[in-house]
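S.K.: quick one: sequence plus predicted model below, questions after.
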Amino acid sequence: MSALLEVWLPTCLALFLLLPAGLFALTLGLKITLAPPYAPLLARWGPCVQALLLGNALLLTLTQTVYQGQLFTWFQHHHPYAYTVHMEPFVGAFLILVALLSGIISYFSHNYLAHEAGYYKFFLNFYLMQFALYSFLLSDNLFFLLMAWELLGLSSVFLVSFYQNAHKTAHNALFVLSIYKYCDFFLIAALFFHPQSLLFLTLLWLASLGKSGQFPFSRWLPRAMEGPTTSSAIFYGALSIHAGLLLLLKFRHGFALYPTLNAIIGAMGLLTACYALLKSRVQSDVKATLAYATVAQVGFMYLEFALGYYTWVVLHMYGNAMLRSYQFLRSPSNIHQFHELERLHHEPFPTPGRGYQWISSRLRFSFYTVVYHNFGLTLFWQKLAQPLQALHAWVLHPLPRPVHLLWLTSWGLLAVLHKLPGLAALGLISALFYSLRSLKHHTLAHNLKALSVSYGYLSFVALLWLEGSAFVDAIAYFGINIVSLGLLHLFCHFLTRRLEISDIRSYLGLGQRYPYMNMLAMAILLLATFTPGFASFVIFDLVLSALFHTSKALGLVFLALHLLNTYATFALVFKLMFGEPPGASQEWPDFTRRERLKLLALILPMIVFGILPMLLYR
Amino acid sequence: MASLFPDWVTMTCSTRLSEDIAWVRRHLPHQGPLQYFVHHNPLEAFTSYPFAEACAIASQLYHGQCFLSQSDYLHHLKTQRIHPRALQQVIQKAFPQASTEAQQAIFAFLSDPPRLKNPAAIHKALQHQQTQIPALRQWLPWLAAQAPTLPTPWKTYVFPTHGALLQKHHGIHLDDILHPLLAKLFSTYSDPGNAYWRNEKATQGLWTTFCALYQQGFCLENRWAQAIHQHLQQTPHFATHPEAIAAYLTALGVPASAYRPYLLNLCLRIKGWASLFHTLEAHPEQKLDTTPYDFDAFLRVLLCFEAVIVPQVMPASENLSLEAYAREQEAEAQAHYTLEYQWSALHYTLHQSGPDPLPWQAPEIFQYLPQLHDDARRLLYQQALEATYTNRTLHTLQNHTVPPSPLAQVQYITCLDDREESLRRHLEQQAPHCQTFGVAGHFEMNMHFQGFEEIRARRLCPGHEGTFRVTQVVAEEADAKEPWRQRYARLYRFFTWHSRVSFLAWILTPLTGFWAIFPMLLKLFFPATDLRWRQAIHQAFSPDSRRLRDLVFHDEDNPAGLSYAQGAEKVAQLLKSIGLTSHFAPLVCVVGHGSSSLNNPHEYGYNCGACGGGKGEANARVFAQIANHPTVRELLAQHHQLQIPAETRFVAGYHDTCRDTLLWHAEALSPTQEAIFTDFQRQVERALEHNILERSQAFHNLPAHLSTAQRIQQVRIRANVLREARPEYNHATNALCIIGRRQLTRGLSLQREAFLCSYDPRQDPDGHILSRLFAAVVPVCLGINLEYYFSTTDNEIFGSGSKLNHNLVSYYGVMSGFASDIRLGLSRQMVEIHIPKRMLFLVEQSPQCCEQILQANPGLYTLFYHHWAFLYLWHKGQYYHFEQGHFLTVTLPETVHP
């Protein structure tokens, strides 16, 4: 029996990662061959695979309940980059939930999205989300947890920008991305602290707030409704929205040790719930109402978590995920439901909220206005950010080229001679300066330059302040930066040779015309930003941890700047590829097969270069 | 803000704006709430222009494409959907003064046209060519000098707003700032019950609501809202001032001569909401609550936002006035036009005579090149596409041998809808003794109908004139099940609210949430079972449909209803218009149609267009009831010379075009009739199945290996499948409307492309009936046809884009995603199999008669004169074509390629 288990369980486990990854690869293949946007093969076998996954989840959980505490010992390696697995009843419960709901949605979507231009884009991101969620749930290794977390965020961002031919969606996707990057900052920073420490747990909680749309980050959720209804259902109604809470649940034993932290978490949860419930009451469109309703429930779950009712949290999550995904899926029917209910009721329904009639109408309306205006929160943030904006405006002042060069050389010389912490800080400030410059879009050349210089300063700081084996990592980091930025330059060069695109103040919408270029741009984007999941992230992680060992502050600033650059790169590539294509863009000359292959050929070594460190450091 | 409006009190604006605003309203789209979705021509305001010119105006005004892309047309040319001979025909017609060689040259040019349109791309290509052929360095400037000026028919309509200027010069999307604020204001204002908390000021008008929402200063959305608040505070009376609109316009730097186009262009930036507000003001019966709608206030709000926020985002360095920007744009358009001219000429030269010999002596075709720029080329292709279709159709009809029609046992009157064409065809095959007729699906019942339990009456006819009211009631006394239905409605509503917005959700969600998995699984995996169960429950708790009665006549205690004489007149009108005045069969079926599907906010657009977006069931029922009434029969015989035998019975039916089911309302049949009816029902069932099989060929997701029975089952259940984005294809592929006897088309497959309106010219020598038919049929069919046309050519601008991310807002419309404009028109999923063609009307009547009718009806005359549709006549074995105000005989080509 146990021998059987020894073969069976790892297979079960591997299936969770292999099946979504396999479907992902299949979809990618179909997308690359520009197959017609409906694949009967995928539509027929996709749901079967999902059923298999559900069975898998059920079996695994069953086994777990029977053989408590003995599972997966053979998977545990004490190595930072080894995939280690943790299985317990609550993980099982979520595996079942994920398998069930994502299975249902995938079945739904194959028909719903058929013949949509982004059919494969949707499923690529859908399977990516599944892969991320399964590895997120099962992983016992912070490093892989982070990767899964980041992949989940990426798939979400790409689905928000699903209709990439409108700048509004790209704009909202970038907003969502900025919140995710904020989460990443805390989660990556948490990697460098002891997993039982208060600081670690606080960072974890802060990271989870954004992802779960908690106060004060709830406003990204309605904006994420730009994607198709099914992606709204699965991401923001059912699964992704709970990811932050799942993260906390993984470390619940740690949290239980700190009652004060729990009190704060609970209070914030309650605040979120109140805020979101009030907000949901004034929303006049279906999806925004549902979005805030979801946030409110997640807020309550945070409160329950803080109080230590973990089982109740699980139950609540089940209820919320199932109810919301159903409500999202049938939200287009609401108009008929409204009329049907009115007919059955035979008379117009009284206006809801009659319980508040005793309050004077003036006061009632004032309160309504306060909620309508989002409690003035956006204004508050804008006021808070005003100095930053002033700084940004100042940073954007044009400087003659010699000044840039002079500054770079003098700083470089000084830094080589004296490795003073002050100089490192100066380097990072310079990086910030250029990063900020690249956030405002003028011309393509200007942006590329600013971005490259910013990455350059980051690399130099790493190169100059790291020693020994870490120095080798820093060189690798520098190398990857050069290669990926070079690739980005080359890519833009390819585009500009064919088209007149120096001005990038508004979205250019090139992706609509050039599907291959779009795919290449996304690949370059992911490579260039050290996306966790791409193995180049290992290098970044090593450099970062070495910097952390040197100085915590240095590490944190380095990390923040890196994330800022990631955002800037995303914004740049989105500007190029997304947005309304100008009139008759189909009539632009296409790139030849040779040119595309040339670009692809350049990317391949980049991918290899990314995978190499993973193999080396094992 | 004070500096923006320095002397508003002393400002003397004498401009009379109300006329301008009325003009703006006439030119805005007018799609109202979704539940009154009626197909209309998106360019209806421009029908006084020739089609080509209107398209030129629209493409500038809306920034949309009015034709397919050139590559699409070239594909059609390759697949012979555009026949080369038709293209030649079109060229001959468009360039009559050109020599034969020039016409051939144009044909060659169109067969291999220049592919580039983007100015930057053309510029690059020209530079590249110059390096290849040095002689071009002199030739191109010479060409540029030859280039004509760009015709600008849109000048009266197009004027830039600051949004365009900011985007073009600074890359700032002004609407990204404005739309979220405006959409929030408009949606909470218009919301009839989507939000739990209603905007209580909404009953006091839009402007009051707006001011009230921005009154308090301690809590405002963002800094733009703060600016609005400050503006309202500083100029408290400004906004209510009667001349406020003019003052805002002055503050925005709009010249008085450009008020009209400026306001139009401003509204078009948020055209969905503008359309909703002005439509609801014009048609208050479409409102779901008592909120007042005032377009003036809407404009004032728009202008207030624009006037306050534009100075805030406009960079200080920008000092270009709107007028100067308009001139700049014009110059740019002219430059682009010249560039395109150069490129066309070069393209022609290089492709015709090889790379080297450049003609300084321009060939004849060069003088036609200005009329062969991109849009003009696409118009020619479009005309050729339509001409090919016309040739084929006329040819097929001419060569069609009419099968003999036996004596009818059943007469079947249905809507002229293109979806009924196939059913009629199959029905005639299955039931050889059935004679079918098509007529506008409201069956002359111009009524407001209030169904049993409905809380509002609904207009079920195209126009507003001479409407009467019909109420449906339960025949016997109180309905015992009513409290149960009410309880269910209240409980359901309680749950939907409280599982979302109230603190109860904390308990409701964990305890009841996971139950949602069961209906979800049921609906997804067993839609047929779900439907069966729901129908069973519905039946158990609803009153028996046989007990429901329509109160039609004055005598039935319905003062807003009809007198018997009026009823008789309506029946006579209908029967005469379809030519059914004698040889009545024992059974006359009157079948209305509608459609129902899940997860489809545009469902109302699938219903009967002639019933104003409603279901034609009630119309058919009421018609049958009137026609069966003994007093009406007497009156018909006395005053209308219609002897309907006593053994003739009118039976009402309802065809669900999505499920393909027919529901009958047959009462009081004699045994003979009963026998015929039973037989007929069986035949109808078979016809419906054939109809389904025909429809199923268009659906992509039905595997090829399905058996016939499975196929039928799969199509029938589509309406109840939650994950189905295309329950049916509605009017897609419509292209033809035939007004004439069924004998012309009986037995001929028109592939669901044709609206078939029955009309017997032999009974209408003076064209009296035809004139009425024209007035009713042409606008409805044209509205459908052109809405499909433009929604296909540019789905993002004239249509509503993909339906998958549609987000229902205020129960009135859908927006794409989050806080933005309401989307108008048809979704991509509705039009994806449509090939846009303007409608071909084929009428069986003499040219003299039709000419008189058109002369008497200038609206219709203009439509055909300006080619918004094509009018052909079939008279005594000869086709006539309406062209330039006259009917010309048509000579069809000998053979037509299939």
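M.R.: On my side now, so go ahead.
S.K.: next, count neighbours for residue A:41.
M.R.: Residue neighbour count, defined by other CB atoms under 10 Å in any protein chain shown, stands at 10 for residue A:41. For the C-beta atoms, the positions are set from N, CA and C on the backbone; glycine is no exception.
S.K.: return the distance of the one helix or strand it maps to from the chain's centre.
M.R.: Counting by DSSP states H and E, the element that carries residue A:41 is helix A:40-66. Centroid separation between helix A:40-66 and its chain, computed with CA atoms, centre = their mean, to the nearest Å, is 25 Å.
S.K.: and for stretch A:470-485?
M.R.: That offset, for stretch A:470-485, works out to 24 Å (CA atoms, centre = their mean).
S.K.: and if you look at stretch B:501-518?
M.R.: The answer for stretch B:501-518 is 41 Å, by CA atoms, centre = their mean.
S.K.: so which bits of it are buried?
M.R.: The neighbour-count check on stretch B:501-518 (16 or more other CB atoms under 10 Å in any protein chain shown) flags B:501-502, B:505-506, B:508-510, B:513-514, B:516-517 as buried.
S.K.: can you give me the end-to-end span of it?
M.R.: By CA to CA, to the nearest Å, the extent of stretch B:501-518 from end to end equals 23 Å.
S.K.: coming back round to it: next SSE downstream of the helix holding residue A:41?
M.R.: helix A:89-112.
S.K.: can you name every helix or strand that that next one contacts?
M.R.: helix A:40-66, helix A:119-138, helix A:229-231, helix A:310-329, helix B:517-525 (3 or more CB pairs under 8 Å, 6 or more residues apart in numbering or on different chains; DSSP states H and E).
S.K.: do that again at 6 Å, thanks
M.R.: Contact here means 3 or more CB pairs under 6 Å, 6 or more residues apart in numbering or on different chains; DSSP states H and E; on that basis helix A:89-112 packs against helix A:40-66, helix A:119-138, helix A:229-231, helix A:310-329.
S.K.: and the last one, does that touch chain B?
M.R.: Yes - Helix A:310-329 reaches chain B (CB under 6 Å from any CB of the partner chain) through A:315-316, A:318-320, A:322-323, A:326.
S.K.: which of these ranks first by neighbour count?
M.R.: residue A:323 (30 neighbours).
S.K.: for that one, give me its contacts.
M.R.: By CB atoms under 6 Å, 6 or more residues apart in numbering or on different chains, residue A:323 lies in contact with B:513, B:516.
S.K.: same deal with residue A:428?
M.R.: Counted by CB under 6 Å, 6+ apart, residue A:428 has contacts residue A:557.
S.K.: quick check: closest non-adjacent residue to the residue of the stretch 501-618 of chain A found nearest chain B.
M.R.: The minimum distance from the stretch 501-618 of chain A to chain B, using CB to the nearest CB, falls at residue A:505 (2.3 Å). Excluding the flanking residues, the one nearest residue A:505 by CB to CB, 6 or more residues apart in numbering or on different chains is residue B:171, at 2.3 Å.
S.K.: for burial, what's the neighbour tally of the one you found?
M.R.: Around residue B:171 there are 16 other residues, counting by other CB under 10 Å.
S.K.: show me which residues of the stretch 151-300 of chain A are close to chain B?
M.R.: Residues of the stretch 151-300 of chain A lying near chain B (CB under 6 Å from any CB): A:222-223, A:225-226, A:228-229, A:280-287, A:293, A:297, A:300.
S.K.: so which of these are in helices?
M.R.: Taking DSSP state H, the ones among these that sit in helices are A:222-223, A:229, A:280-282, A:286-287, A:293, A:297, A:300.
S.K.: residues near the residue nearest to residue A:111 when sequence neighbours are not counted, how many?
M.R.: Distances taken as CB to CB, 6+ apart put residue B:723 closest to residue A:111, at 4.5 Å, once the chain neighbours are dropped. Using other CB under 10 Å, residue B:723 has 21 other residues around it.
S.K.: so residue B:723 touches residue A:108, yeah?
M.R.: Yes - here residue B:723 reaches residue A:108: they are 4.4 Å apart, a contact under CB atoms under 6 Å.
S.K.: give the buried residues for the longest helix along chain B.
M.R.: The longest helix of chain B (DSSP H) is helix B:322-353. For helix B:322-353, burial by neighbour count (16+ other CB under 10 Å) applies to B:322, B:325-326, B:329, B:336-350.
S.K.: packing partners for it?
M.R.: helix B:119-132, helix B:136-146.
S.K.: kindly recompute the last result at 8 Å.
M.R.: Right, helix B:322-353 is packed against helix B:100-111, helix B:119-132, helix B:136-146, helix B:162-170 by 3+ CB pairs under 8 Å, 6+ apart.
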